[in-house]
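Participant: structure of the sequence below:
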Amino acid sequence: MISTHQIKAARVFLEWDQRTLAERSGLSLPTIQRMEKLGIARSSVENAQKVQNALESAGVEFIPSNGGGPGVRIRGGEE
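Facilitator: This is a model prediction of the structure:
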């Protein structure tokens with residue numbers, strides 16, 4: 001599952017605010033705010049997947065933790 005830090009970093013890369021992420025994921029702004037403030041573990045798996053799908057559709061690639069911590073990057077050639 002993606003982390004709160006990955007969501008925030010992905011939003012920075014995409015230059016999205018929380019409202020944009022809410023619109024793109026089909027979730028409410030308060031839901032996104034709670035996810036970022038209280039952590040992904042406090043959210044439903046379905047909501048976390050909606051956020052991940054929205055960010056991946058915009059070109060974000062989530063990098064799993066391989067001993068160095070999880071991360072994000074933008075896929076080459078996409079914005």
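Participant: tell me the buried residues in the helix ranked longest in the chain?
Facilitator: Among the segments of the chain that qualify as a helix by DSSP state H, the longest is helix 45-57. Using 16 or more other C-beta atoms under 10 Å as the test for burial, helix 45-57 gives 47-48, 50-52, 54-55. Using the backbone N, CA and C atoms, a C-beta is placed for each residue, glycine as well.
Participant: pLDDT and distance to residue 9 for those residues - can I get that in CSV?
Facilitator: Shown next, in CSV, are these (pLDDT from 0 to 100; distance: C-beta to C-beta, whole Å):
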residue, pLDDT, distance to residue 9
47, 96, 19
48, 94, 15
50, 97, 18
51, 97, 13
52, 96, 13
54, 98, 15
55, 97, 10
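Participant: can I get the residues you listed in a markdown table with distance to residue 64?
Facilitator: Listed next are the buried residues of helix 45-57 as a markdown table, based on distance: C-beta to C-beta, whole Å:
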| residue | distance to residue 64 |
| --- | --- |
| 47 | 20 |
| 48 | 15 |
| 50 | 20 |
| 51 | 17 |
| 52 | 13 |
| 54 | 19 |
| 55 | 15 |
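Participant: just the closest of the residues you listed to residue 13, please.
Facilitator: residue 55 (9.0 Å; C-beta to C-beta).
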